[in-house]
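Novice: sharing a sequence plus its predicted fold:
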Amino acid sequence: MDVAEIIATEQSAEQWFVRMRWPDGVECPVCESKNVQVRETRKPQPFRCRSCRKDFSVRTHSIMHASNLSYRVWWLAIYQLVTNLKGVSSMKLHRDLGISQRAAWHLAHKIRRAWAVGAAGGKANFIGPVEVDETFVGGRQRSRHSKQRRYWRERANEVDANGVTHYWGSMVAVAGVKDRRTNRISAAVIPNIERHTLHDFITERTDRSAMVYTDDAIAYRRLPRRREAVNHSAGEYVRGEVGTQGIESFWAMLKRGYKGTYYWWSEKHLHRYLAEFAGRHNNRPVDTEEQMRRMVRNMHRRHLSYARLVAGQ
């Protein structure tokens, strides 16, 4: 992949997106017809569908829909988010791309929306064996001002309007499952770490025949799957094939990104960052160009307006 050639001009960057989105030829995003007329002089809608008579571009019905940012800015933003394992802050995108911090923040969340596909952010059907673990994400009390510590101490284990329990103040529980066979991960914010919540999380993402490896937490007992556990409280972290090092390694990467790149995540948008880290992990076996191609293919019908973003939708 020749980066300099791709982003040499706005036209070359646009053509790259066209090739990645429609590798088998331009297709109408409205009716999916391939009977398309190309009109190079009719910018910004260079294509016209002869079947439904709609004008469109590579931006239409994608995360780039109605965006005023150039194709080169979009390409560079996707490249940065794909290649930086710990993520990229909106402030860095703002400085590197020459756009406002607000636009950079919106842009990054649009890209994360393309990652929220399948095992990256939604439910999967892992055959197993799988590793399952839960952790907590959020600010530590010792890092807060005394007034903030008192505020969150009074709300310890409080359930908010969305049904999410805040443990130790503002910390929120998340759960993850890693399929050893495919090395793919599915992670999600969970309302609490009670037995029924964790059991539902696991059964929604695993096949009935899957072998599940967990730690010795009481909440995993009587799981309706074959299960083996390591006893962390007794200093046991691996026993033959039994262990949770894979999913724990994913948590370590997630928290390095939280502490070293982003510094703080709103609970409202936490699921988007989980999708980012899971999606990046799931695509790591392929080269950078293939990762970006998959990203562009997942952009279809995933438009995210700023109003919907700030509303947490």
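Specialist: Received it, and whenever you're ready, just let me know what you need.
Novice: in the chain, which spans are strands?
Specialist: 36-38, 47-49, 55-56, 130-137, 158-159, 165-167, 171-179, 184-189, 211-214, 226-229, 238-239, 242-243 (DSSP state E).
Novice: nearest to Trp251, of those strands?
Specialist: Comparison of the strands of the chain against Trp251 by Cβ to Cβ identifies strand 130-137 as nearest, at 4.8 Å. Where you see a C-beta, it was placed from the backbone N, CA and C, and this is true even at glycine.
Novice: which elements pack onto the closest one?
Specialist: strand 171-179, helix 195-203, strand 211-214, helix 245-257 (3 or more Cβ pairs under 8 Å, 6 or more residues apart in numbering; DSSP states H and E).
Novice: let's have those in JSON lines, adding distance to Glu276 and mean neighbour count.
Specialist: Listed next are those as JSON lines, based on distance: least, Cβ to Cβ, whole Å; neighbours: other Cβ atoms under 10 Å:
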{"stretch": "strand 171-179", "distance to Glu276": "13", "mean neighbour count": "23"}
{"stretch": "helix 195-203", "distance to Glu276": "19", "mean neighbour count": "17"}
{"stretch": "strand 211-214", "distance to Glu276": "25", "mean neighbour count": "23"}
{"stretch": "helix 245-257", "distance to Glu276": "8", "mean neighbour count": "17"}
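Novice: so which of these comes closest to Gln101?
Specialist: Using Cβ to Cβ, the helices and strands packed on strand 130-137 put helix 245-257 closest to Gln101, at 18.6 Å.
Novice: by contact count, what packs against that closest one?
Specialist: Counting by 3+ Cβ pairs under 8 Å, 6+ apart, helix 245-257 packs on strand 130-137, strand 171-179, strand 184-189, helix 270-282.
Novice: longest single helix anywhere in this protein?
Specialist: helix 101-115 (DSSP state H).
Novice: would you mind getting the angle between that helix and helix 270-282?
Specialist: With axes from the mean of the first three to the mean of the last three Cα atoms, to 10 degrees applied, the angle from helix 101-115 to helix 270-282 works out at 60 degrees.
Novice: what are the contacting residues of helix 101-115?
Specialist: 63-64, 67, 69, 73-74, 77-78, 81, 88, 90-91, 93-94, 97, 99, 121, 269, 272-273, 275-276, 278-280, 295-296, 298-299, 302, 304, 306, 309 (Cβ atoms under 8 Å, 6 or more residues apart in numbering).
Novice: what subset of the residues you listed is buried?
Specialist: If you count burial by 16 or more other Cβ atoms under 10 Å, the buried members of the contacts of helix 101-115 come out as 63-64, 67, 69, 73-74, 77-78, 81, 88, 90, 93-94, 97, 99, 121, 272-273, 275-276, 278-280, 295-296, 298-299, 302, 304, 309.
Novice: could you list the low-pLDDT ranges of the stretch 51-200 of the chain?
Specialist: Residue ranges of the stretch 51-200 of the chain with pLDDT under 70: 117-123, 139-170.
Novice: now with 90?
Specialist: Within the stretch 51-200 of the chain, the ranges that satisfy pLDDT under 90 run 66-67, 114-125, 127-128, 137-172, 191-193.
Novice: so Ala77 sits against Leu93, correct?
Specialist: Yes. Using Cβ atoms under 8 Å, Ala77 makes contact with Leu93 at a distance of 6.0 Å.
Novice: about what we covered before: could you give me the buried positions within the longest helix of the chain?
Specialist: 103-115.
Novice: one more: stretch 16-25?
Specialist: Buried, per 16+ other Cβ under 10 Å, within stretch 16-25: 16-18, 20-22.
Novice: between the helices and strands packed on helix 245-257, which gets nearest to Thr261?
Specialist: Per Cβ to Cβ, nearest to Thr261 of these: helix 270-282, 10.0 Å.
Novice: the closest one vs helix 245-257, what angle?
Specialist: Using the same axes, to 10 degrees: helix 270-282 against helix 245-257 is 120 degrees.
Novice: how about Trp16, nearest residue that isn't a chain neighbour?
Specialist: Ile6 (5.0 Å; Cβ to Cβ, 6 or more residues apart in numbering).
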